[in-house]
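J.: Next input, structure requested:
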Amino acid sequence: MEQEQVNKSSINLSVLWDDLLREARRLRFWLPLLAVLLAGCLTGYRYMHHVPQYRATASFTIKVANPLQSEHSAYNIETAGQMAKTFPYILTSGVLQQRVREDLGISQLPAITAEALPNSSVFTLMVTSTSPQLAYDVLQSVITHYPEVSDFVVGSTQMYLLNESGVPKAELAPFSAIRYILQGVIIAFFLWLGYALIRALLKSTVHNDDELRHLLSVPCLAQLPVAKVLRKYPCPMLVMKQDPDGFCESVRLLRLRTEKRLQEENRKVVLVSSAIPSEGKTTVTANLSIALAGSGKKVLLIDWDLRSPSIAKMLHLVDDDNGLADYLSQAKTAEDVIHRTYIPNLSVIAGQKSSRSVHHTTAALARAQVLLETVREEYDYIIIDTPPCSLLADATELAELADCAILVVRQDFASQEQIRDAVQRLSDSRLATIGCVLNGTDAVGSYSYGHGYGYGYGYGYGYGYGYGYGYGYGNDEAGKNDPK
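T.: Presented below is the predicted three-dimensional model:
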């Protein structure tokens, strides 16, 4: 039991460290901005409040006035040390301060200190002030009045001037911008690191397949690694690779496990969805369809994401006016909208952008059911790509038409609450979830197609006003995110 607790603690620390590294990568562009901001603000503040300080000094040798003792250095050294120790008391007693103020006609004295050089009879007086002339004048007045005041404490002494600074010309501590810039950078780094650590501690995402199985109580069909492709390819496609690699092998494993589950349960219409956008749902759907077709099965891929269709572009199909929206609006027949692809055994019904009323009316759903009944006998498998089911009702409305569902979960992306909500929505529709896919993992490694600079796959979209999608390409980690 104790060993299990130790292992669990180690795993938690390892996960926390991984989360911290991921958050640091995601926030890496904020560090220089924060450093510049804090360094600039701190340097500007210190510069505006900088007050120059000047110090006037004078050094003396001390001799005891008693001629019998003055020849012995030990007496002089002891007297110099005693004068340095008693100087603060003499200064705060008020006698010396009063005489200096009366001498110079000022109401307040600047900082006055004294020290004795160790193991010597050298005694130094120092006056620090914002005015170099005032520092020098106070020093001269202290030199004049100090011996007569100290005689009552240390006895009669003789002070022989060794050197003095005169009126100081340079600041005691000139303003140093480098110092405050470094302080600002250090403060910015620790603030940035602390924020990244807080984000890592508060995260409740899925990190590995064990967490995913524990969360959903369904098998993890495969883990798809991060993939990089050239800009001209919308996403990593299995058909573009001839040599096996991590991504291709993961897709083939997904095909084997999915096909096994479908055959065991005698199902053929598979709905593929995700909890939120940008989890790689469409990429997984397309590659699963290609892999099934490559195994000799006749496959129909339906792009039912009518708010942001992308299957046609992903498979490099020629743009055609005949799409799913045309069929649902009764403008076209099933034969008109089913397109054969350059991939053997794979046919596609492309999506078309349309208003919600086109595909969410009772008539449209009834026509969708007719479509699936029509193609069910002709194809071995029918794969349906739907919008994320936690944000829109499209997937749950289509759940009654499918036999089962596969949920795509991107590593360290959607929260566990969002994932549970997605599965619950599918369960409420009485649709069995046969498994899930952990997408975008970094355990297997990445690769790139072709030669040259690698770009992350996908288009990127978000849900904007109302029920439609927003615009733009937007991923938090360019080069590693499949936004669909």
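J.: only C-alpha atoms for contact and neighbour calcs from this point on.
T.: Noted.
J.: quick one: Ile198 is in a helix?
T.: Yes - Ile198 forms part of a helix when assessed by DSSP: H, G, I helix; E, B strand; the rest coil.
J.: distance of it from Trp192?
T.: 10 Å (Cα to Cα, to the nearest Å).
J.: If you count surrounding residues, which of those two has more?
T.: Taking neighbours as other Cα atoms under 10 Å, Ile198 and Trp192 compare with Trp192 leading, 20 against 13.
J.: what about the nearest residue to the more buried one once chain neighbours are set aside, how many residues close to it?
T.: Nearest residue to Trp192, sequence neighbours excluded (Cα to Cα, 6 or more residues apart in numbering): Leu31, at 6.3 Å. Neighbouring residues of Leu31 were enumerated by other Cα under 10 Å; the total is 18.
J.: could you say which helix or strand contains Leu31?
T.: Per DSSP states H and E, Leu31 falls inside helix 30-48.
J.: helix or strand right after that helix?
T.: strand 54-64.
J.: can I have that next one written out in PDB, keeping just the CAs?
T.: Provided in PDB are the C-alpha atoms of strand 54-64 (Å, rounded to 0.1, in the frame of the first residue of the first chain):
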ATOM      1  CA  TYR A  54      27.300  63.200  -1.700                       C
ATOM      2  CA  ARG A  55      29.700  62.300   1.000                       C
ATOM      3  CA  ALA A  56      32.500  64.400   2.500                       C
ATOM      4  CA  THR A  57      35.100  62.600   4.500                       C
ATOM      5  CA  ALA A  58      38.100  63.400   6.700                       C
ATOM      6  CA  SER A  59      40.600  61.000   8.300                       C
ATOM      7  CA  PHE A  60      42.700  61.600  11.300                       C
ATOM      8  CA  THR A  61      45.300  59.900  13.500                       C
ATOM      9  CA  ILE A  62      44.500  59.900  17.100                       C
ATOM     10  CA  LYS A  63      47.000  60.400  19.900                       C
ATOM     11  CA  VAL A  64      46.400  60.400  23.600                       C
END
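J.: Show me this protein divided up by domain.
T.: 2-50+175-201, 54-164, 206-456 (automatic domain parsing).
J.: out of the ones you listed, deepest packed?
T.: Across the domains of the chain, averaging neighbours per residue (mean count of other Cα atoms under 10 Å) puts domain 206-456 on top, at a mean of 19.
J.: mean confidence score for it?
T.: Domain 206-456 shows a mean pLDDT of 81.
J.: what do you get for stretch 59-67?
T.: The average pLDDT within stretch 59-67 is 65.
J.: same thing with stretch 165-177?
T.: For stretch 165-177, mean pLDDT rounds to 89.
J.: oh, and call the first residue 31 from now on, that's how I've got it
T.: Sure, I'll start numbering at 31, so the last one becomes stretch 195-207.
J.: Any buried residues in it, and which?
T.: Gly196, Val197, Pro198, Ala207 (16 or more other Cα atoms under 10 Å).
J.: In contact with the residue lying closest to the last one once chain neighbours are set aside, which residues?
T.: Think Ala207. Nearest non-adjacent residue to Ala207, counting by Cα to Cα, 6+ apart: Thr73, 6.1 Å away. Contact partners of Thr73, counting by Cα atoms under 8 Å, 6 or more residues apart in numbering, are Ala207, Tyr210, Ile211, Gly214.
J.: Packing partners of the helix or strand hosting Thr158?
T.: Assigned by DSSP H and E, Thr158 falls within strand 152-159. Strand 152-159 is packed against strand 84-94, helix 103-122, strand 141-146, helix 162-184, with contacts defined by 3 or more Cα pairs under 8 Å, 6 or more residues apart in numbering; DSSP states H and E.
J.: Now the weakest link among the ones you listed, please, by mean pLDDT.
T.: Among the helices and strands packed on strand 152-159, helix 103-122 scores lowest, with a mean of 63.
J.: Please pull up the helix or strand immediately following that helix.
T.: Helix 103-122 is succeeded, C-terminally, by helix 125-134 (DSSP H and E).
J.: avg pLDDT for that next one?
T.: For helix 125-134, the mean pLDDT works out to 85.
J.: now it against helix 162-184, angle please.
T.: 140 degrees (axes from the mean of the first three to the mean of the last three Cα atoms, to 10 degrees).
J.: what helices or strands is helix 125-134 leaning on?
T.: Helices and strands touching helix 125-134, by 3+ Cα pairs under 8 Å, 6+ apart, are helix 162-184.
J.: how far is the helix it packs on from where the chain is centred?
T.: Offset of helix 162-184 from its chain centre (Cα atoms, centre = their mean, to the nearest Å): 61 Å.
J.: How about stretch 210-218?
T.: In terms of Cα atoms, centre = their mean, the centre of stretch 210-218 is found 20 Å from the chain centre.
J.: Out of the contacts of Thr73, which is nearest to Arg397?
T.: Closest to Arg397 out of the contacts of Thr73 is Gly214 (64.8 Å), distances taken as Cα to Cα.
J.: Not counting its neighbours along the chain, what's nearest the closest one?
T.: Closest to Gly214 by Cα to Cα, 6+ apart is Ala69, at 4.0 Å.
J.: Surely the one you found and Leu212 touch.
T.: Yes - counting by Cα atoms under 8 Å, Ala69 touches Leu212, with 7.2 Å between them.
J.: What are the boundaries of the strands in the chain?
T.: Secondary structure of the chain by DSSP state E: the strands cover 84-94, 141-146, 152-159, 187-194, 250-255, 258-259, 299-304, 329-333, 368-370, 376-379, 411-415, 434-440, 462-471, 485-486.
J.: Mind putting those strands into TSV with distance to Glu289?
T.: Listed next are these as TSV, based on distance: least, Cα to Cα, whole Å:
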stretch	distance to Glu289
strand 84-94	85
strand 141-146	87
strand 152-159	86
strand 187-194	95
strand 250-255	10
strand 258-259	27
strand 299-304	11
strand 329-333	12
strand 368-370	22
strand 376-379	16
strand 411-415	9
strand 434-440	12
strand 462-471	11
strand 485-486	29
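J.: Contacts only, for the nearest residue to Val130 once chain neighbours are set aside.
T.: Closest residue to Val130 apart from its sequence neighbours, by Cα to Cα, 6+ apart: Ser171 at 5.8 Å. Contacts for Ser171 (Cα under 8 Å, 6+ apart) come out as Val130, Asp133, Leu134.
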